[in-house]
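generate a structure from the sequence data that follows.
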Amino acid sequence: MSKKLFIFVFLLPFQLLLAQSSQLTDFPEGYTPEEVGKRLAYRFVDGKHALHAGKWISYPETFNWNGALQLAKITKDKKLFKLLENKFEPLFTMEKKLLPIMNHVDLNMFGSLPLNLYQMTKKKKYLKLGLPYADTQWEVPENAKPSEKEW
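Numbering: from 1, shown residues only. Reported below is the predicted structural model:
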């Protein structure tokens, strides 16, 4: 009995590995990862901001935006990249009030977005906006409980 269990446990990961790879090759036309990704990214560009507590750019929006930027980079879609960068620009002026406060990991993750843009464009304004979010990630709030400080 233990020999059969050992063989089963030993071979199962290989079977799953082979099963997964065969399912991720033949996509119907219009449903390849690139096509679906581009549809989602272009829809994101045209959509309203997803706000946290109705106030700030949310954690999910940050990651949707970063994912769309990565897709634009990987697929070399300059038009998509420019649209995503243009969507960000009002956050320096008219939409500045939507910049998240820097007091929680989920809100601080917003900083990954301008830092990602900085890596792609080398524009210092993105670095200047993103670094405080990264830096405050490591600060312990003054009103933190002892157990929170230990963590």
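
can you tell me the helix or strand for the residue most central in space within the chain?
Closest to where the C-alpha atoms of the chain average out (C-alpha atoms, centre = their mean) is Phe63, at 2.5 Å. Mapping Phe63 onto the secondary structure by DSSP states H and E places it in helix 59-75.

on that earlier part again, what sits against the residue nearest to the centre of the chain?
Met109 (C-beta atoms under 8 Å, 6 or more residues apart in numbering). For every residue, glycine as well, the C-beta is placed using N, CA and C.

with Leu40 instead?
If you count contacts by C-beta under 8 Å, 6+ apart, Leu40 has them with Asn64, Ala68.

quickly find the element holding it.
Secondary structure from DSSP H and E places Leu40 in helix 33-46.

re earlier: against Thr93, how distant is the residue nearest to the centre of the chain?
Using C-beta to C-beta, to the nearest Å, one obtains 24 Å as the distance from Phe63 to Thr93.

okay, now the unreliable bits of the chain?
Along the chain, the parts satisfying pLDDT under 70 run over 1-23, 151.

all strands of it, in order?
In the chain, the strands defined using DSSP state E lie at 51-52, 56-57.

need the winner for burial among the ones you listed.
With neighbours defined by mean count of other C-beta atoms under 10 Å, none of the strands of the chain is more surrounded on average than strand 56-57, at a mean of 20.

got the end-to-end distance for stretch 67-86?
Across its full length, stretch 67-86 reaches 16 Å between end residues, using C-alpha to C-alpha, to the nearest Å.
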